[in-house]
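Asks: need coordinates for the below:
(chains A and B)
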There are 2 protein chains.
Amino acid sequence: MTEFAVIGKRVARIDAPEKATGAARFTDDLELPHMLHGKILWSPHAHARILNIDTSRAERLKGVRAVITGKDWEGVKYGVFPATRDQHPLALNKVRYIGDEVAAVAAVDEDTAEEALELIRVEYELLTPVFDPEEAMLENAPRIHDEIPRNISVHVKTELGDVEKGFRESDHVREDRFETQAVAHCQLECYVALANFDASGKLEIWTPNQSPFTKRRALANALKMPLDDVRVLRSYVGGAFGGRSETFALDFCAALLSRKTGRPVKITYSREESFRSTRQKHPFVLYLKTGVKRDGTIIAKALRVVADGGAYNSTGPIAMTNPPTMLLPLFRIPNFRYEAFRVYTNKPVRGAMRGHGSQQFRFADDCQMDMIAEDLGLDPVEIRLKNVVNTGERLINGSVVSSSGLRECIERAVESSNWSKKGQLPRGRGLGIGCACTTCGFSLGIRSSSSAFVKFNEDGQATVITGTQDNGQGNWSMMVQIAAEELGVPMKDIRLVAADTETTPQDPGTYSMSTTFISGNAVKAACADARRQILEIAAEKLEANMADLDARKGRVYVRGSIEKGLDIPDIIKLAFASGRPIMGKGSYMPRMDPLNFLTGNISGQNTGTWSFGTVIAEVQVDTETGKVTLEKVTAVHDCGRAINPNEVEGQAEGSVVLGQGQALTEKLKWDGGLLLNASFLDYGIPTASDTPEMRTIIVETIDPSGPFGAKEAAEPINVAIIPAIANAIYDATGVRIHSLPITPDKIIEALKHSSS
Amino acid sequence: MTEFAVIGKRVARIDAPEKATGAARFTDDLELPHMLHGKILWSPHAHARILNIDTSRAERLKGVRAVITGKDWEGVKYGVFPATRDQHPLALNKVRYIGDEVAAVAAVDEDTAEEALELIRVEYELLTPVFDPEEAMLENAPRIHDEIPRNISVHVKTELGDVEKGFRESDHVREDRFETQAVAHCQLECYVALANFDASGKLEIWTPNQSPFTKRRALANALKMPLDDVRVLRSYVGGAFGGRSETFALDFCAALLSRKTGRPVKITYSREESFRSTRQKHPFVLYLKTGVKRDGTIIAKALRVVADGGAYNSTGPIAMTNPPTMLLPLFRIPNFRYEAFRVYTNKPVRGAMRGHGSQQFRFADDCQMDMIAEDLGLDPVEIRLKNVVNTGERLINGSVVSSSGLRECIERAVESSNWSKKGQLPRGRGLGIGCACTTCGFSLGIRSSSSAFVKFNEDGQATVITGTQDNGQGNWSMMVQIAAEELGVPMKDIRLVAADTETTPQDPGTYSMSTTFISGNAVKAACADARRQILEIAAEKLEANMADLDARKGRVYVRGSIEKGLDIPDIIKLAFASGRPIMGKGSYMPRMDPLNFLTGNISGQNTGTWSFGTVIAEVQVDTETGKVTLEKVTAVHDCGRAINPNEVEGQAEGSVVLGQGQALTEKLKWDGGLLLNASFLDYGIPTASDTPEMRTIIVETIDPSGPFGAKEAAEPINVAIIPAIANAIYDATGVRIHSLPITPDKIIEALKHSSS
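Replies: Numbering: from 1, shown residues only, chains lettered A, B, ... in the order given. Have a look, this model is predicted:
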């Protein structure tokens, strides 16, 4: 008998039948009786003052039920922290990017709403826009927010150790500049919200989201309602990737339009609106300076970032402080300085996206590590292994790494790829390595814990009640799997109530890779509570010692003699009959210190634990055309215990393709502030035919705090693939491209210079 | 400072605004997209064999989506106990009353469904019906269920002590025959069900009910589905009175039609269908024999009941065993025999209704007690006080009465009414007394316990999660009130999730007057669990001893010095911040022994506790016309602690009018098996202008097990008012009417005989 009945098994997802048959209903599939359709009018100007909005003609159009503008929001502002709230649900007085929301309409059908938008007259006074973050920081640049000088929305700075002394003591120091691009999440499901004020004055809302509880808070704040009068209901979510962690104009406006009309209101963004009027990834300019000893030992590192934040703050402050929390746990850095500027520009708003700040610097750092290795005549693997942080090590900021499989990840990646043939490959063929780690959640203050309930019905079926959201990763299945193992009940006998602010307890949401670690532990705790009760009743009935009992696959039995036992449904009946129905509750919050996102202070324990990964990419570069083919990817991942290896591999493979696009093809293109390629046709996502041969290897460090030892799955792969590709291209061609994406024209241009 | 912050206060109901403004949405107000409308074809014959059903023409009608008959149910039978299941969701082979359901149709609108019913051709072979229960028991009576001889569906019998010896030792023995009529619940909301099979194959159903968990069980059984794949959702309920404790043809058929069509299906019964094709109160023929000593001390009692069960068993077996459990705790009976026959007739089905067996025998017993008093020259009050069972007394069947305020109820009723003037009133004016008690729930086996959860959000608002149903009594408000007291949180900061089988834990439902006692205790237990956690955190912060702390009105403080304390929202924030979110769970099941409803064995503890009540009615009888005017009612009620006196009084007043109708005017009228008065116009409910002057007095015995000492509210008033009126009519006129209702023609007829 293996250690676990369900954990570690390749079980089918609970949502597979519904998703595979198309029966699953996403928010846009929902209809409510008497539902109205909403549309939002957006700014055609990148920077302008609003002189007047005349909605009277729109209001008179037959079929229009309400029109709202910024003035209906009484100066409500939103944003991730109270101190950084700078965005109105609808623009007030000023628009700051092409796509900024100006007015919203609710009408009996979409066509009428669309027609009403055309009848709204907005008088603008055009202002000079600014699009480049380094230009925007200049003293005389146009001010995007009147009260913010030099357009610097966030400035964080931290120094640990003595960096200048470190550089002086280094044998070799180099500084490089890197650039990353703005990219879009490209979730398959467009943004949508369906809001309904019920007869009692309570708001219910369906909208794809990463955290119903965060949505509830934002809506309650904006609508000035008690928290519990806003109910965010469970919805299937068609992908999030960080992009659904906030609340958007369409959520706010659907709610307000419903309140005004007394009818349900649905607003669905087009693909173009989803690209432009929600959030994008921050482009970074990175200045990275590293000092090393001759043998490759890192002595000091200084990273300076200028990030293009777009028109508003959004979750941007987090992206500024995140990078060092995911830099330090990888390779030992005795002296470290970090400074980041998040700068407003007249571009769409930049917020959270996969990695949320870490992809950008890993691209820079892994590239530079290869450059340093070359400078010193070391192998890229050698320099990395020399500096790896080990399990149990305390970092310079005080964080302790409770488990790290990074060394094994690197070693297994080398063994399992063609790394040994590196250097002997023909020109145009190359191998590159990248490494990454990610936090499993960070402190969100009083909302950092997850809680769960579990109850049984009289037939022995269990219902797990958790706030956990699932954006398609398989979180809900995982919660059932964790519950099944802990309760000793087959998965088929467990139902899940999830992600509904009214019926489920607090959960932080699927942010910052926390779900398995935090929500999974909460579900496990609730089930452990129930398990104790089950074993107690079984022990009474069996006249056995509770400590000698095990629960597995629907049966409680004396360890070692499965025939001496009771079926769990029979125990549940005994429990009910004796007035002790089995009900469990549990919470989990990792020991984490709060990060200060306004100053960049990262002292203390930044997260409960980290997952790690190494990717080796093998590319073929056509040196005539610059075309890069990603041939093979070896992704090795320390995800702690793999609860469902299928899911870990699935997430890892998705992460490879996501990173591949960012490395090679994806880029939002602009004419000034005008987004030119807001469609799947033009944007450049890799297609199935671009997908490389992939091998995913799981390195199971059993984390002491993870549920059954589990940690986050696959984010490090998504991060490490990018520098792995960049380094492979260098290996294949001898040219080093410092900016993303690494397009054929950049390679050709660089090849020209290198050969000249 | 009073003992309680909220308990015992006349607080407003949480549903008052929605109900008062008409905003509350009942099941028939709900619409789902693509919803179909269902209709049911009923039998026009009281007793017939179904030879053939041809649905082909109905199926071909444009707009019809499905037609089902009994054959679609594969022999599924339902009823309260497995051994007594005798009814098919749609009649199979035979119809047994006019109104028996034969086929069901789902169509795009109600008119089409109605038209489709007319196209269904049913061939019947008529059988001889039988309508009188005593006739139906004869050997050669037509058999309604082929396998049941003499049409006796239930026969129970119990003897405690030696009844014949008791009669021999009595100074005076009398035996009387009484009769009660069939009456209807007359809930304002007609019966309705809205069923929807969702994409994952789960059934969701909205339907007014007294127990969502009982409905779930019945539907899961009938549809052969796992219990947790059926979700009964919360609905507002417009009155139940016992009539919504079962699952009906419309529930089953809405579900099956939804499964067949893949669309939501709503079936709404007309008022006529609600009268006829659901349930009615059992008419009883009662033979009551009582032996007493000269001083009025009861020595022995024997009760024989023949009940007209109508066509099927329904919850009838319960009505047969219930009476003694509500007879013994009132007046001491050393020797007791009980025998009851529930007999099938070709009438509508008789099931649970207010009192469920107790109203009928209290009418008989309280009338006979007055007759005995008169025989012995005793005052009706004197004979009752002499025999009252006291708090703590063990009854002859082993039940212990944990609290009884009956003696005080009688005394207060006498003081507060015109009882002292009895005997000096003019002819035509009279006073009468009645007494009753009711169980607070009986054992339903493994489904006898109620459970609840409670959780807090980060702003300090609490959500109570309970399976408790509210049929209009104010149960949900009461749960919030109990939670507010226990948690020390204002009612406005508590939300309730209730009566939803998916998100709330097991609750027996509002059956047999159990809600306050059982569900209230469960909510209190869950909140006590949360309270402990709140006090623990407060004690840490205040550096105080937990035992010295109290929680009240949103604040925890050291007893005696309210300034030394913390606001609960601040404690909740501390709890979240330290990873210990406040979550409570609790269950309650009173110590009760199972009743054997198939044999009538009532040994043991029949319920957790009983509530008591005494009613004195004052009537004016017009001896020319026989018209009775109910002038004044003094209702004294031991409901344990009155959680909300407004609600207790409201329930008591409603109970008076309900009983008044049954005593004087309400009666279902028949032409053979054909119900003649299935409408509010013809049926005879008392109107507002018939309402007497009412005085409700609450006697608060603080029950040791009740939540804050509370028990059931108002059922004894509903029971005791009937004999009180009958006795008052006797006092006014000198004529004793042995059958209900006491109509003018019966009085005139009796007056004729008495004066002749």
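Asks: what does the stretch 151-300 of chain A have sitting close to chain B?
Replies: Neighbours of chain B within the stretch 151-300 of chain A, by CB under 8 Å from any CB of the partner chain: A:D198, A:A199, A:S200, A:P226, A:L227, A:D228. Backbone N, C-alpha and C define where each C-beta goes, glycine included.
Asks: hang on, isn't the fourth one packed against B:D459?
Replies: Yes. With contact taken as CB atoms under 8 Å, A:P226 and B:D459 are classed as touching, separated by 7.2 Å.
Asks: biggest helix in chain A by residues?
Replies: Longest helix of chain A, by residue count under DSSP state H: helix A:520-542.
Asks: quick one: strands adjacent to the next helix or strand after that helix?
Replies: Going down the chain from helix A:520-542, the next helix or strand is strand A:549-552, by DSSP states H and E. Sheet partners assigned to strand A:549-552 using DSSP bridges are listed as strand A:555-558 (antiparallel).
Asks: how long is stretch A:194-214 from one end to the other?
Replies: Stretch A:194-214 has an end-to-end distance of 17 Å (CA to CA, to the nearest Å).
Asks: quick one: buried residues of it?
Replies: For stretch A:194-214, the neighbour count (16 or more other CB atoms under 10 Å in any protein chain shown) marks A:194-198, A:202-214 as buried.
Asks: try stretch A:445-453
Replies: Within stretch A:445-453, the residues scored as buried using 16+ other CB under 10 Å are A:I446, A:R447, A:S448, A:S449, A:S450, A:S451, A:A452, A:F453.
Asks: what mean pLDDT does stretch A:389-402 get?
Replies: Averaging pLDDT along stretch A:389-402 gives 97.
Asks: what do you get for stretch A:49-58?
Replies: Rounded mean pLDDT across stretch A:49-58 is 98.
Asks: same thing with stretch A:215-222?
Replies: Confidence for stretch A:215-222, expressed as mean pLDDT, is 97.
Asks: run the chain-centre distance for it.
Replies: Put simply, stretch A:215-222 sits 20 Å off its chain's centre (CA atoms, centre = their mean, to the nearest Å).
Asks: again with stretch A:591-598
Replies: With CA atoms, centre = their mean, you get 18 Å for stretch A:591-598.
Asks: assumed A:P716 was part of a strand.
Replies: No. Assessed with DSSP: H, G, I helix; E, B strand; the rest coil, A:P716 is helix; it does not lie in a strand.
Asks: pull the contacting residues for the nearest residue to A:L127 once chain neighbours are set aside.
Replies: In space, and not counting its chain neighbours, A:L127 is closest to A:H47: 4.3 Å by CB to CB, 6 or more residues apart in numbering or on different chains. Residues near A:H47 by CB atoms under 8 Å, 6 or more residues apart in numbering or on different chains: A:94-97, A:126-130, A:142, A:144, A:346, A:673.
Asks: give the residue farthest from the middle of chain A.
Replies: A:E543 (49.7 Å; CA atoms, centre = their mean).
Asks: any idea how far that residue lies from A:L566?
Replies: Noted for A:E543: a distance of 12 Å to A:L566, by CB to CB, to the nearest Å.
Asks: now do the most centrally placed residue in chain A against chain B, distance only.
Replies: The centroid of chain A falls nearest to A:G242 when counting by CA atoms, centre = their mean (3.5 Å). Distance, A:G242 to chain B, using CB to the nearest CB, to the nearest Å: 23 Å.
Asks: nearest spatial neighbour of that residue, chain-adjacent residues omitted?
Replies: In space, and not counting its chain neighbours, A:G242 is closest to A:A352: 3.6 Å by CB to CB, 6+ apart.
Asks: next one: A:S450
Replies: Closest residue in space to A:S450, ignoring its immediate chain neighbours: A:A522 at 3.8 Å, by CB to CB, 6+ apart.
Asks: number of nearby residues for that neighbour?
Replies: 31 (other CB atoms under 10 Å in any protein chain shown).
Asks: looks like it contacts A:D507 (just checking).
Replies: Yes. Contact between A:A522 and A:D507 holds when scored by CB under 8 Å: they sit 7.3 Å apart.
Asks: flag every residue of the stretch 401-550 of chain A that's near chain B.
Replies: Residues of the stretch 401-550 of chain A lying near chain B by CB under 8 Å from any CB: A:445-449, A:451, A:453, A:455, A:457-459, A:461, A:463, A:465, A:493, A:495, A:497, A:500, A:502-503, A:505-506.
Asks: return the subset of the residues you listed lying in strands.
Replies: Of the positions in these, A:S451, A:F453, A:K455, A:T463, A:I465, A:R495, A:V497 sit in strands, assigned by DSSP state E.
Asks: got a quick ChimeraX command for the buried subset of those?
Replies: Listed next is the ChimeraX selection for buried residues among these, using 16+ other CB under 10 Å:
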select /A:451,453,455,463,465,495,497
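Asks: widest-spaced pair of the ones in strands among the residues of the stretch 401-550 of chain A next to chain B?
Replies: Greatest spatial distance among these (CB to CB): A:S451 and A:R495, at 18.0 Å.
Asks: hmm, back to that, now render the ones in strands among the residues of the stretch 401-550 of chain A next to chain B as CSV, adding pLDDT.
Replies: Formatted as CSV, those follow (pLDDT from 0 to 100):
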residue, pLDDT
A:S451, 98
A:F453, 98
A:K455, 98
A:T463, 98
A:I465, 98
A:R495, 97
A:V497, 98
